[in-house]
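Engineer: Quick one, what's the 3D model for this:
(one chain, ligands or ions: 1)
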Amino acid sequence: MTAKSMDELVSLCKRRGFIFQSNDIYGGLKGLYDFGPMGVELKNNLKQAWWKSMVYERDDIEGLDASILSSPIVFKQSGHEDTFTDPLIDCRSCKSRWRADQLADGACAKCHSKDLTDSRPFNLMFKTSIGPVDDGTSFAYLRPETCQQIFTNFKNILDSTNRTVPFGIAQIGKAFRNEITPRNFIFRVREFEQMELEFFVEPGTDDKWHKYWINSRYNWWINQGISKKNIELKKVSKDELSHYSKETIDIMYDFPHGKEELEGIANRTDFDLGSHTKNQKDFEISSKVIDNQNSTTKLAVQNINDKKWFIPFTIEPSAGVERGVLALLNEAYTEDKKNSRIVLALKSHLAPIKAAVIPLKRNNDKLVSYAKNIKENLQKVGLGRVILENTGNMGKNYRRHDEIGTPLCITVDFETLEDDSVTIRDRDTMNQQRMESKDLIKYYKKYFD
Ligand code: ATP
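Structural biologist: Here you go, the predicted model:
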């Protein structure tokens, strides 16, 4: 099941502490959102699942956490200063601004006036000054994609890990884009996180690796709980391709507002390493790169057979964390009419709270201390957050934990004090079973295995 509308998701997210409008108490700031107590757990769990599958479960990928602020020269060489733009149109009547492709009928989407400016390129990168003197000459960009620092660190990582192609560098972190019209909740925002892998391969093997990563990333999303009927692959047309790409396949998801990109998997060729390398003319660079007079480092590897140096091609799966969270919330949102409840049927590894331990009576010392002990023991297992609910209202607690997707609720009642047994309730089936407290940890570990 999915949500019937974006409004249902927005309302659940606010009500249960997943996502809030940023700067809310001052009227909000457009295109920015804050992740609350449940949102931060869900987001972290999604990022952890990605990191696990990319770095821990493989032997050919290293991790990186690079800085967000970057020297302008990085984005000059990467082509972003010149081409990372969206076409901007102003409405002369109501002064609103639009991305050209959002005005299909040639009229302002707000006031319907046809008195519009011609479209002009608008660069999406945020700038900030660096150092104490703000004279406009010393500035930095907030990265619009996380990957450029992967390319600039290519040699550092190669040298410090003894890697050779094929191998990859993975990074999760913030990216910033001054989107003309942020919209659709957390789908298009100005500050977001990306989970990016740059996978470096020998030229000629790039098409094969591109296919491999398309397949792998599609299956990963299915494993996170996205249903096949809501996801599809779309080849990006030649005229929509980014300046660095030979071929891009987008993973499209059926969001509540329409089918749009969840992740892009691009064959970036040798464009990036070729753009940032020194001595460009020493290599056979296949893509059209910007001349580089500033780089101090050769971003190439040596072929072990013929000893020739070459610039690797890059395959890039790039996924947005916010779009992932939105898709997963949508997939999990279930209206259980029979039992008059909303259930967030998230996969258990993504659930913000793994188990809630609930003393039947609030502030009853014996029940609360028994429950606290269970909470601490389950918490120590280290699978994620376990919570003690000391509110005493079972109905309300079940309702709340169904809505935030807690797989297990464990109740401590007066019988517990006599026979050391507790009740475990399953989120999806609502089945309740009695169990001896000593068996809890084993059951809990097995459940999340
Ligand atoms: P779109 O066409 O929707 O603007 P894009 O093709 O510009 O996206 P990429 O540059 O390929 O996006 O970025 C990789 C991923 O980063 C996207 O698949 C998306 O998940 C995420 N992303 C990009 N821009 C935004 C944004 N403004 N808000 C949230 N996520 C974003």
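Engineer: Just give the nearest non-adjacent residue to the residue most central in space within the chain, would you?
Structural biologist: Computing the C-alpha centroid of the chain and ranking residues by CA atoms, centre = their mean puts residue 321 first, at 1.1 Å. Nearest residue to residue 321, sequence neighbours excluded (CB to CB, 6 or more residues apart in numbering): residue 193, at 3.8 Å. Any C-beta I mention is one placed from the backbone N, CA and C, and that applies to glycine too.
Engineer: same question, residue 367
Structural biologist: In space, residue 367 is closest to residue 359, 3.7 Å off (CB to CB, 6+ apart).
Engineer: re the thing from before, ok, the residue nearest to residue 321 - contacts?
Structural biologist: 43, 47, 172-175, 320-322 (CB atoms under 8 Å, 6 or more residues apart in numbering).
Engineer: Check the average confidence over stretch 351-370, would you?
Structural biologist: For stretch 351-370, mean pLDDT rounds to 96.
Engineer: and the end-to-end length of it?
Structural biologist: 24 Å (CA to CA, to the nearest Å).
Engineer: next one: stretch 107-127
Structural biologist: 31 Å.
Engineer: Buried ones in that stretch, by neighbour count?
Structural biologist: Neighbour counts over stretch 107-127 (16 or more other CB atoms under 10 Å) mark 108, 116, 119, 122-125 as buried.
Engineer: what about residue 10, which SS state?
Structural biologist: helix (DSSP: H, G, I helix; E, B strand; the rest coil).
Engineer: Count residues in the vicinity of the residue lying closest to it once chain neighbours are set aside, would you?
Structural biologist: Counting by CB to CB, 6+ apart, the nearest residue to residue 10 once its immediate chain neighbours are dropped is residue 185, at 5.7 Å. Per other CB atoms under 10 Å, the neighbour tally for residue 185 reads 21.
Engineer: can I assume residue 185 is in contact with residue 8?
Structural biologist: No. Between residue 185 and residue 8 there is no contact under CB atoms under 8 Å: 11.1 Å.
Engineer: Name the residue of the stretch 301-449 of the chain that lies nearest to the ligand.
Structural biologist: residue 320 (2.4 Å; CB to the nearest ligand atom).
Engineer: Surely that residue touches residue 194?
Structural biologist: Yes. Between residue 320 and residue 194 there is a contact under CB under 8 Å: 6.0 Å.
Engineer: Show me what secondary structure element comes after the helix or strand containing residue 396.
Structural biologist: Using DSSP states H and E, residue 396 falls within helix 394-404. Counting by DSSP H and E, the next helix or strand C-terminal to helix 394-404 is strand 408-412.
Engineer: how far out from the middle of the chain is that following strand?
Structural biologist: 31 Å (CA atoms, centre = their mean, to the nearest Å).
Engineer: What parts of the stretch 51-200 of the chain come near the ligand?
Structural biologist: Selection of the stretch 51-200 of the chain residues close to the ligand by CB under 6 Å from any ligand atom yields 145, 177, 179, 188-189, 192, 194.
Engineer: tell me the contacts of residue 246?
Structural biologist: Residue 246 touches 206, 267-269, 287, counting by CB under 8 Å, 6+ apart.
Engineer: Could you report the pLDDT at it?
Structural biologist: 94.
Engineer: could you measure it against the ligand, distance?
Structural biologist: Residue 246 is 14 Å from the ligand, where distance means CB to the nearest ligand atom, to the nearest Å.
Engineer: follow-up on the earlier one: list the ones among the contacts of residue 246 that fall in strands.
Structural biologist: Secondary structure assignment by DSSP state E places 267-269 of those in strands.
Engineer: Pick out whichever of those sits closest to residue 381.
Structural biologist: residue 268 (41.1 Å; CB to CB).
Engineer: on that earlier part again, mind listing what's buried along the helix holding residue 396?
Structural biologist: 394, 397-398, 400-404.
Engineer: List phi and psi for whatever residue of the stretch 51-200 of the chain ends up closest to the ligand.
Structural biologist: Going by CB to the nearest ligand atom, the ligand is nearest to residue 192 of the stretch 51-200 of the chain, at 3.9 Å. Per-residue torsions, residue 192: phi -150, psi 180 (degrees, to the nearest 10).
Engineer: three-state assignment of the nearest residue to it once chain neighbours are set aside?
Structural biologist: Counting by CB to CB, 6+ apart, residue 192 lies nearest to residue 322, which is 4.8 Å off, once chain neighbours are set aside. Here residue 322 is recorded as helix under three-state DSSP.
Engineer: how deep is residue 322 tucked in, by neighbour count?
Structural biologist: 22.
Engineer: List only buried entries from the contacts of residue 193.
Structural biologist: 43, 47, 172-173, 175, 320-322.
Engineer: Please tabulate those in JSON lines, including the columns pLDDT.
Structural biologist: As requested, these are arranged in JSON lines below (pLDDT from 0 to 100):
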{"residue": "43", "pLDDT": "98"}
{"residue": "47", "pLDDT": "98"}
{"residue": "172", "pLDDT": "98"}
{"residue": "173", "pLDDT": "98"}
{"residue": "175", "pLDDT": "98"}
{"residue": "320", "pLDDT": "98"}
{"residue": "321", "pLDDT": "98"}
{"residue": "322", "pLDDT": "98"}
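Engineer: right, and the pair among those with maximum separation?
Structural biologist: 43 and 175 (14.6 Å).
Engineer: Show me where the stretch 251-400 of the chain has its strands.
Structural biologist: 258-269, 301-302, 309-310, 313-320, 333-336, 341-344, 353-359, 385-388 (DSSP state E, counting those that start in this stretch).
Engineer: ditto for the stretch 1-150 of the chain
Structural biologist: Using DSSP E, counting those that start in this stretch, strands in the stretch 1-150 of the chain cover 19-21, 33-35, 61-64, 69-70, 85-90, 97-99, 120-123, 126-129, 139-142.
Engineer: Out of these, the one nearest residue 212 is which?
Structural biologist: strand 61-64 (13.1 Å).
Engineer: That'll do, ta.
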